[in-house]
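Undergrad: Based on what follows, work out the 3D shape:
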Amino acid sequence: MGSSTIDPGRTQQHRENIRLPFRLLHTSDWHLGRRLYGRSRHAEQATFLDWLAERLDQEGIDLLIVAGDIFDASTPSHRAQALYYQ
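TA: Numbers count the residues shown, from 1 in each chain. Okay, the predicted model is just below:
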């Protein structure tokens, strides 16, 4: 078969391995550890992550996409890392 020819058997097998509908949630730029005017945003960041975890479960999300920065610094604080890994 040439490169432009589609193998119907292979295509059907591929379709059978995919669960539809596929649900994803796209987020961006969490910036965990960021301070605003010198004030910690830890509490609101924790609230966001709790909300996000609840949404993922309630909505049956299959894939979470995070485009952008998860942490605000290249060497995040232990507290910011703890938020992420909880």
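Undergrad: Run a quick neighbour tally on Gln45.
TA: By other Cβ atoms under 10 Å, the residues close to Gln45 number 20. To be clear about C-beta, it is placed using only N, CA and C from the backbone, and glycine gets the same treatment.
Undergrad: same check, this time on the one 4 residues further on
TA: Using other Cβ under 10 Å, the number of residues around Leu49 comes to 15.
Undergrad: Could you check which helix or strand contains it?
TA: Leu49 is part of helix 42-58 when elements are defined by DSSP states H and E.
Undergrad: Can I get that helix as PDB, trimmed to CA atoms?
TA: Presented in PDB, the C-alpha positions along helix 42-58 are these (Å, rounded to 0.1, in the frame of the first residue of the first chain):
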ATOM      1  CA  HIS A  42      -1.500  30.500  49.100                       C
ATOM      2  CA  ALA A  43      -5.100  30.300  50.400                       C
ATOM      3  CA  GLU A  44      -6.700  31.200  47.100                       C
ATOM      4  CA  GLN A  45      -4.400  28.900  45.200                       C
ATOM      5  CA  ALA A  46      -5.300  26.100  47.500                       C
ATOM      6  CA  THR A  47      -9.000  26.900  47.000                       C
ATOM      7  CA  PHE A  48      -8.500  26.800  43.200                       C
ATOM      8  CA  LEU A  49      -6.700  23.400  43.300                       C
ATOM      9  CA  ASP A  50      -9.500  22.000  45.500                       C
ATOM     10  CA  TRP A  51     -12.100  23.300  43.000                       C
ATOM     11  CA  LEU A  52     -10.100  21.900  40.100                       C
ATOM     12  CA  ALA A  53      -9.900  18.400  41.600                       C
ATOM     13  CA  GLU A  54     -13.600  18.500  42.300                       C
ATOM     14  CA  ARG A  55     -14.400  19.500  38.700                       C
ATOM     15  CA  LEU A  56     -12.100  16.800  37.300                       C
ATOM     16  CA  ASP A  57     -14.000  14.200  39.300                       C
ATOM     17  CA  GLN A  58     -17.500  15.600  38.900                       C
END
